[in-house]
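1. The sequence and its predicted three-dimensional model are supplied below.
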Amino acid sequence: MPSIQFQAEADDIFRQHHAWLRSRLTRHVSSHSDAEDVASETFLQLAEDGGRSEIREPRAFLTTIAKRILIKLWQRQDLERAYEDTLRHMPEAVALSPEEHSMLVEAICQIDRALAALPQQVKTAFLLSRLDGMTYPQIAEHMGISLATVERHMKRALLQCVRCAP
C-alpha cells in the first residue's frame, strides 16, 4: 500500500503536470479524448507504482510512462486498421455485427499482446500458420528451419496465448 507521503507527492505531480502532459500528448494522437485517455492511464500507472520508483524529474518520468502507453495505443490502432482493411475486402454476407466486431478486435489485441513477449521466429511461425494457412512443413521450408523447430515454436506460441487468455 502506498505511503501517505507518496499519495501526497502523486497528488502534487498530478496537479502540477496533468495539463502539461495532456497538451504534450495532443500533438501525438488523433484526438483530445485519446490524449486525455493516455494522460489518465499515465497517472494511473504512477499511482500503481506506489512510490517504488524515485521521481526526481516528474516530467521525464511521466513522459517515459506516456511513451509506453502511446506505443501500445499505436500498435492497437495499427491492428484495428489492418482488421478494418481486411473487412472491407470481405463479402457482406460475412460481415460482423458491431458487438462481434468489438469482441474480435479485443481478441486480436490480446493475441498481439501475448505474442509480443515471444522471439520473432516464434511469432513468425505462428502467424504463417494461423494467418497464411501454411502447414508446418511449409513453414519449415519457408523459414529454413527444421520441422521439429516449427513444432516447438508453435507449441510455445499456443501456450503463450493460453497463458494470456482472460
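-> Arrived safely, thanks for sending. Numbers count the residues shown, from 1 in each chain.

2. Residue 62: neighbour count?
-> Counted with other CB atoms under 10 Å, residues neighbouring residue 62 total 24. Any C-beta I mention is one placed from the backbone N, CA and C, and that applies to glycine too.

3. Give the other helices and strands that the host helix or strand of it contacts.
-> Assessed by DSSP states H and E, residue 62 sits inside helix 58-88. Judged by 3 or more CB pairs under 8 Å, 6 or more residues apart in numbering; DSSP states H and E, helix 58-88 is in contact with helix 4-26, helix 32-49, helix 98-116.

4. Tell me how far the residue nearest the centre of the chain lies from residue 112.
-> When the chain is reduced to its mean C-alpha position, the closest residue under CA atoms, centre = their mean turns out to be residue 72, at 4.0 Å. In this view, residue 72 and residue 112 are 10 Å apart by CB to CB, to the nearest Å.

5. now do residue 22
-> With CB to CB as the criterion, residue 22 and residue 112 are 27 Å apart.

6. Residue 111 against residue 162, yeah?
-> No. The criterion here is CB atoms under 8 Å, and residue 111 misses it with residue 162 at 10.9 Å.

7. For the helix or strand of the chain with the lowest mean pLDDT, buried residues please.
-> The helix or strand of the chain with the poorest confidence is helix 98-116; it has a mean of 81 (mean pLDDT, DSSP states H and E). By neighbour count with 16 or more other CB atoms under 10 Å, helix 98-116 contains the buried residues 105, 109, 111, 112, 114, 115.

8. Output the residues you listed in JSON lines, with distance to residue 85 appended to each entry.
-> Below are the buried residues of helix 98-116 laid out as JSON lines (distance: CB to CB, whole Å):
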{"residue": "105", "distance to residue 85": "13"}
{"residue": "109", "distance to residue 85": "16"}
{"residue": "111", "distance to residue 85": "18"}
{"residue": "112", "distance to residue 85": "16"}
{"residue": "114", "distance to residue 85": "22"}
{"residue": "115", "distance to residue 85": "20"}
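
9. okay, the angle between the following helix or strand past the least confident helix or strand of the chain and helix 98-116?
-> The helix or strand immediately downstream of helix 98-116 is helix 120-130, counting by DSSP H and E. Counting by axes from the mean of the first three to the mean of the last three CA atoms, to 10 degrees, helix 120-130 points 150 degrees away from the direction of helix 98-116.
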